[in-house]
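J.: Below is the structure, and that's it, no one-letter string:
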């Protein structure tokens, strides 16, 4: 599933092609992509609206719309497992995986492709109805050392599932949690309230550093699904320290990377760099 770096990359590349454009006729080839919205209502709300702003919130892409200078709702996109966004010439044939397309006033189209059909491309009158449940942005001003320290101490949860919880911190997924925990030298099964202040600071820096480097490399393409709006793969997968490297030597200490299951998620770690959490009776 595309995580924060991949979604941020899509946002940055799609933004200059959409902001200021007026939307036209929409075509829905897979109604479930609308997330329960009817085709008629979707078409009514987006047609003739102007794209005011394109931003990311967690793993969502938010295209804010306006009419006559007033806010007019937003298109919300969640790529899920295999969603992609492209702005193409109107004559471009995107094949059988095209789920939704919207005409733009410059003769191009915004196309939403989704091989596995889990993604969402829908309209919302008030995006806060969906987005208010999300936690702080890990690259935002709210994610301070003090905030993280206090939030970890106030909970008694295992680190890996906690960091994957979008209501705790928005945008992280399996890849970047594994990578950040390794960088911070924290075991995925460590209890959050047992993380020291020093380790909490290290975790914050590891999360931010990992995400920023991944964004610089336009995300990770470890399978055929994720591609940028320009059709290119990301390159951060070449920097993985632990994710997907089960049985291969740790780049830091040489010990073989292990794979365990935490909260039903495959989890990769180095048992030497990330020493085991305290045993429990």
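T.: Structure received. Model, not experiment: these values are computed from the prediction.

J.: Okay, now the unreliable bits of the stretch 1-150 of the chain?
T.: Of all residues in the stretch 1-150 of the chain, none has pLDDT under 70.

J.: Could I get the full set of strands for it?
T.: Assigned by DSSP state E, counting those that start in this stretch, the strands in the stretch 1-150 of the chain fall at 23-28, 50-57, 60-67, 70-78, 83-89, 98-104, 108-114, 120-124.

J.: Out of these, flag the one nearest residue 134.
T.: Nearest to residue 134, of all the strands of the stretch 1-150 of the chain, is strand 50-57, at 6.4 Å by Cβ to Cβ. Backbone N, C-alpha and C define where each C-beta goes, glycine included.

J.: How far off centre is that closest one?
T.: Centre-to-centre, strand 50-57 and its host chain are 16 Å apart (Cα atoms, centre = their mean, to the nearest Å).

J.: quick one: buried residues of it?
T.: Buried residues in strand 50-57, counted by 16 or more other Cβ atoms under 10 Å: 50-52, 54, 56-57.

J.: possible to save those as JSON lines with distance to residue 178?
T.: Converted to JSON lines, those look like this (distance: Cβ to Cβ, whole Å):
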{"residue": "50", "distance to residue 178": "41"}
{"residue": "51", "distance to residue 178": "35"}
{"residue": "52", "distance to residue 178": "37"}
{"residue": "54", "distance to residue 178": "29"}
{"residue": "56", "distance to residue 178": "22"}
{"residue": "57", "distance to residue 178": "23"}
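
J.: Identify, from the residues you listed, the entry nearest to residue 11.
T.: Nearest to residue 11, judged by Cβ to Cβ, of these is residue 56 at 4.5 Å.

J.: if we can go back for a sec, can you check which of the strands of the stretch 1-150 of the chain gets nearest to residue 141?
T.: Checking the strands of the stretch 1-150 of the chain against residue 141 by Cβ to Cβ gives strand 50-57 as the closest, at 14.5 Å.

J.: got the angle for the closest one vs strand 108-114?
T.: Strand 50-57 and strand 108-114 are oriented at 30 degrees to each other (axes from the mean of the first three to the mean of the last three Cα atoms, to 10 degrees).

J.: which one is residue 183 nearest to, not counting chain neighbours?
T.: residue 206 (3.7 Å; Cβ to Cβ, 6 or more residues apart in numbering).
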